[in-house]
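How does the following fold in three dimensions:
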Amino acid sequence: MKSLLLLLLVFVSLFTLAQTDAFNPPSSMENPQLDGYLKKRKPAILSIKIINQPASLQNVQVEYTLVQLGPQSQIKKYTKLNKEGAVKIVLDDNLPYQQIWLNIDGFLYTGIYVNSGLSITIDVAITKGKEVYLAGEGVQFSGIDGPLNTTMNKKTLFRKEEQDNCQSLLANGSIAAANNKSKIPAFLVTADSIYRQLREIDEQFIGQNPGYAWAIRNETKSLYFHWVSLPYNFSIMPDSIFQQMNAHQPYFMSNDGVAFYRQLCNYNVYRKDNPRAKVQMSDNIITIDSSNSYPKADILKLALMEKGKDNYLTAYPAILNSMHTEWCARVVRTKLAEAIGKQKEVDSLFAIAKNIQGNGLFIGNAIGQLPFGANMYRLDSLTNATDFIINLKAKFKGKAIIIDFWATWCAPCLSDIPRSKKLHEDNKDLPIEYVYLCTTGGSNEKVWKSRVVETKAPGTHIFVDDVVITELKRIFNAGGGFPAYVVIDLQGNASGSKIRFMGELDRNKLKLAAGL
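All right, here's what the predicted structure looks like:
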């Protein structure tokens with residue numbers, strides 16, 4: 001009888017973990033029972049269908065960016081709708097409430113949370129062919145996760161300008177305080193006021209739209225604690241703030257949830273009173289394990305993978321061997337296998353490149369050379385991205401290569417290119433080629449040319465189809481956002497983490513990164 005009762009309790013507990021209940025929160029990622037639930041459940045499925053589309057419409061591209069913990073916080077992937085205007089995407093990670101940024105070319109751009117299953121239907125007869133932003137008439141979210149996504153997108157659009165302004169003020173104030181510790185007291189006052197305003201917006205929306213209050217409040221807390229704690233890296237956070245932050249448990253593998261855990265990991269490792277700060281990966285693991293219980297400690301160690309991605313052969317196994325939570329261990333095993341596979345791919349490409357001669361190597365269609373030394377190309381497609389890497393390495397044989405992945409709309413990218421230009425001009429004697437790969441995503445050739453002329457940065461400039469950019473960043477393990485930098489040193493070793501921003505480099509750091 002006792003055994004039967006125990007089995008019943010376990011079943012009820014696992015059933016509760018699986019629910020997307022409008023009024024009762026699910027298990028957080030820190031629930032120890034989540035391990036057993038994820039081990040038994042099937043991968044979640046995202047289904048997309050466009051109805052009443054013109055018969056002439058073919059090969060609609062679907063771009064989906066998955067948010068995750070690990071060496072990268074976002075992974076971008078592509079697929080296409082079939083001739084019936086539909087596609088089913090089986091998620092690889094099987095993570096709880098994973099956020100996905102979805103761009104169905106010309107039809108819909110939205111953020112979604114997928115836990116068990118979500119279906120999205122777009123009725124072109126209602127949208128009249130116009131792209132819908134987040135949610136609107138003609139777009140229906142259904143399936144188990146449908147009501148949650150309907151509510152969360154509606155919430156994002158609610159008093160959106162005020163929400164965006166609050167988040168911008170919070171982020172900018174946090175970064176300013178992180179760079180100047182004397183600004184922290186004033187920032188805390190401002191942050192508290194912003195948080196109260198965000199909560200007031202939340203509560204007004206909840207009052208008008210009962211249900212999923214737990215989701216709305218949880219995401220706002222993740223956002224707030226991420227930014228309010230950032231200035232305390234390399235210092236000590238007030239206990240009142242730390243206790244609240246440490247007690248918070250995100251429900252979502254979302255931008256805000258992942259940023260929260262990454263920042264909590266950073267604070268654990270880099271806090272002023274940690275004697276092991278910035279030493280070996282083993283020291284970071286000990287710091288986290290000694291300060292946190294499981295599964296939280298294992299979740300925080302997933303964030304450590306970003307710090308160890310260049311030394312993955314030693315760092316990832318060390319993290320894996322310290323894991324007590326199976327779903328976290330599975331993430332590490334998967335990323336270790338991917339890193340090994342990528343390195344083999346890169347090594348084989350560079351081995352081929354050594355045997356290629358000549359200057360007629362294709363890295364894009366030549367557009368021309370600008371007076372300040374910018375060689376312009378456009379690369380719309382390739383059979384595969386590996387051809388480009390081989391040709392690029394062979395074209396600049398005898399040189400280290402710094403690859404700058406950027407976008408015309410990316411403010412940090414545009415502010416860093418002039419610093420890259422100065423570094424280039426001040427160190428012309430060094431055998432380094434500067435290659436700027438600008439994504440076509442969200443831009444066009446006219447805007448790209450204008451940005452290049454504005455910056456007047458010498459080097460190789462290539463306007464690259466976003467699909468190719470994504471594949472190149474995958475091969476180089478270069479992160480999910482912009483800007484991102486890859487260094488191929490003189491020895492042919494590629495690294496996606498030696499450069500964070502070009503503005504942080506001087507001559508000595510540049511030579512070290514380039515293997516000179």
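
How is this protein divided into domains?
Listed domain ranges for the chain are 1-41, 43-157, 160-326, 365-514 (source: automatic domain parsing).

what about the second one, start to end distance?
Just to be clear, that refers to domain 43-157. Criterion Cα to Cα, to the nearest Å; first-to-last residue distance in domain 43-157 is 30 Å.

Ok, the third one next?
Across domain 160-326, the straight-line distance between its terminal residues is 39 Å, by Cα to Cα.

Now find how far off-centre that domain is within its chain.
Relative to the mean C-alpha coordinate of its chain, domain 160-326 is positioned 15 Å out (Cα atoms, centre = their mean, to the nearest Å).

Repeat that for the last one.
Relative to the centre of its chain, domain 365-514 is centred 20 Å away, using Cα atoms, centre = their mean.

What of the second one?
Averaging C-alpha coordinates over domain 43-157 and over its chain gives two centres that are 18 Å apart (Cα atoms, centre = their mean).

Let's verify Ser450: helix, strand, or coil?
helix (DSSP: H, G, I helix; E, B strand; the rest coil).

quick one: it and Leu414, what's the gap?
Counting by Cβ to Cβ, to the nearest Å, the gap from Ser450 to Leu414 is 11 Å. In short, each C-beta sits where N, CA and C put it, glycine included.

Next: Val60.
31 Å.

likewise Arg41?
On the measure of Cβ to Cβ, Arg41 and Leu414 end up 44 Å apart.

What of Glu219?
Glu219 is 29 Å from Leu414, by Cβ to Cβ.

Compare those two (neighbour count), which wins?
A count of neighbours by other Cβ atoms under 10 Å puts Glu219 above the other of Glu219 and Leu414, at 24 against 16.

I'd like to know how many residues surround the residue lying closest to that one once chain neighbours are set aside.
Closest residue to Glu219 apart from its sequence neighbours, by Cβ to Cβ, 6 or more residues apart in numbering: Asp256 at 5.3 Å. Neighbour count for Asp256, taken as other Cβ under 10 Å: 21.

ditto for the one 4 residues further on
Residues contacting Phe260 under the criterion other Cβ under 10 Å number 26.

Need the per-residue pLDDT for it.
Among the per-residue scores, Phe260 holds a pLDDT of 95.

Quick check: it vs Ile288, distance?
From Phe260 to Ile288 the distance is 15 Å (Cβ to Cβ).

List the contacts of Thr455.
Shown in contact with Thr455 (Cβ atoms under 8 Å, 6 or more residues apart in numbering): 414, 417-418, 421.

which regions of the stretch 401-516 of the chain lie under the pLDDT threshold?
Regions of the stretch 401-516 of the chain meeting the criterion pLDDT under 70 cover residues 480.

can you put the contacts of Thr455 in JSON lines and add secondary structure?
As requested, these are exported to JSON lines (three-state DSSP):
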{"residue": "Leu414", "secondary structure": "helix"}
{"residue": "Ile417", "secondary structure": "helix"}
{"residue": "Pro418", "secondary structure": "helix"}
{"residue": "Lys421", "secondary structure": "helix"}
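
Show me how to select, in ChimeraX, the buried members of those.
In ChimeraX syntax, the buried subset of the contacts of Thr455 is picked out as below (16 or more other Cβ atoms under 10 Å):
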select :414,417,421
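
could I get the contacts of Thr455 as JSON lines with distance to Gly207?
Converted to JSON lines, the contacts of Thr455 look like this (distance: Cβ to Cβ, whole Å):
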{"residue": "Leu414", "distance to Gly207": "41"}
{"residue": "Ile417", "distance to Gly207": "47"}
{"residue": "Pro418", "distance to Gly207": "48"}
{"residue": "Lys421", "distance to Gly207": "52"}
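
As CSV, the domains of the chain with distance to Lys342 would be great.
Shown next, in CSV, are the domains of the chain (distance: least, Cβ to Cβ, whole Å):
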stretch, distance to Lys342
domain 1-41, 26
domain 43-157, 11
domain 160-326, 9
domain 365-514, 6
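
just for this protein, where's the confidence low?
When residues are selected by pLDDT under 70, those of the chain lie in 1-20, 274-279, 345-360, 383-384, 480.

Tell me if Ile299 really is in a strand.
No: counting by three-state DSSP, Ile299 is located in no strand; its state is helix.

and the closest residue to it other than its chain neighbours, what element?
With sequence-adjacent residues excluded and distances taken as Cβ to Cβ, 6+ apart, Ile299 is closest to Tyr261, at 5.7 Å. According to DSSP states H and E, Tyr261 maps onto helix 255-270.

Name the surrounding residues that touch the helix or strand hosting Arg378.
Assessed by DSSP H and E, Arg378 sits inside strand 374-379. Contacts to strand 374-379, defined as Cβ under 8 Å, 6+ apart, come from residues 363-370, 388, 445, 449, 452, 456-465, 468.

next structured bit after that strand?
Later in the chain than strand 374-379, the nearest helix or strand by DSSP H and E is helix 385-395.

Following element in sequence after that following helix, please.
strand 400-406.

List the buried residues of that next one.
Using 16+ other Cβ under 10 Å as the test for burial, strand 400-406 gives 400-406.

now do stretch 328-341
For stretch 328-341, the neighbour count (16+ other Cβ under 10 Å) marks 328-332, 335-336, 338-339 as buried.

would you put the C-alpha positions of stretch 75-88 in PDB?
Only the C-alpha atoms of stretch 75-88 are listed here, as PDB (Å, rounded to 0.1, in the frame of the first residue of the first chain):
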ATOM      1  CA  ILE A  75      21.900  29.300 -31.100                       C
ATOM      2  CA  LYS A  76      20.400  30.300 -34.400                       C
ATOM      3  CA  LYS A  77      19.000  27.700 -36.800                       C
ATOM      4  CA  TYR A  78      17.100  27.700 -40.100                       C
ATOM      5  CA  THR A  79      14.500  25.600 -41.800                       C
ATOM      6  CA  LYS A  80      11.800  26.100 -44.500                       C
ATOM      7  CA  LEU A  81       8.100  25.600 -44.800                       C
ATOM      8  CA  ASN A  82       7.100  22.800 -47.100                       C
ATOM      9  CA  LYS A  83       4.900  23.300 -50.200                       C
ATOM     10  CA  GLU A  84       1.800  23.100 -47.900                       C
ATOM     11  CA  GLY A  85       3.200  26.000 -45.900                       C
ATOM     12  CA  ALA A  86       3.900  24.000 -42.800                       C
ATOM     13  CA  VAL A  87       6.900  22.700 -40.800                       C
ATOM     14  CA  LYS A  88       7.400  20.800 -37.500                       C
END
